[in-house]
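K.L.:
Below is the sequence, then the predicted model.
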Amino acid sequence: MAGEGRISQKDNDLIFTCGLIEYISRKTRNVRAEVVNRLGKDNMSKIYELADVYHCDNLDRVSDDFISAANIETGNFDNVAECHYSVPSLWDIGKVYKRLIKMVAENDNRDVIDVLTEVYNSFLSPKIDDYNSSFYYESPVYIYDCYKAQKIL
């Protein structure tokens, strides 16, 4: 398709959605599952469907709007401060989650937002969010296999 980059628009929208979750989580010092659960399916769907619009806006303003709308309070989880190494970018972590969500959604023929909620609430999310480990650097297939097996292989 002319005008389309290396990844599809919907993949880019999912990266943005996951990156925004990461940003809100870091900003409010909450685990990712808490942010996803507080946002709820309607807000998550809105972010995903309007990602191309939100992507053009100021990330602080967009995040503040959703933090306020979902009444997300400040927590005490700070994996960035606890990291002893280089902190991965919002978008790097967004890509890790995007790949897993997309693989699950496509292989199980399921709704992306339903899978997103499930993935962020899974045993794997804390593993991905531990920046002192190398799990988030693992291959997408390995991460997917661990998710499907419901254990680290």
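P.N.:
In hand now; what should we look at?

K.L.:
so which strand or helix has the residue nearest the centre of the chain?
P.N.:
The chain has residue 18 as the residue nearest its centroid, 2.8 Å off, counting by CA atoms, centre = their mean. Secondary structure here is read from DSSP states H and E; on that basis residue 18 sits in helix 9-28.

K.L.:
Provide a list of residues in contact with residue 92.
P.N.:
Each residue near residue 92 by CB atoms under 8 Å, 6 or more residues apart in numbering is listed here: residue 136. Any C-beta I mention is one placed from the backbone N, CA and C, and that applies to glycine too.

K.L.:
Three-state assignment for it, please.
P.N.:
Three-state call for residue 92 (DSSP: H, G, I helix; E, B strand; the rest coil): helix.

K.L.:
Residue 76 against residue 29, yeah?
P.N.:
Yes - using CB atoms under 8 Å, residue 76 makes contact with residue 29 at a distance of 5.9 Å.

K.L.:
Neighbour count for those two, which is higher?
P.N.:
Taking neighbours as other CB atoms under 10 Å, residue 76 and residue 29 compare with residue 29 leading, 16 against 7.

K.L.:
re earlier: tell me what the helix holding residue 18 is packed against?
P.N.:
Here helix 9-28 is seen to pack against helix 32-49, helix 51-54, helix 59-69, helix 90-108, helix 112-120 when contacts are counted using 3 or more CB pairs under 8 Å, 6 or more residues apart in numbering; DSSP states H and E.
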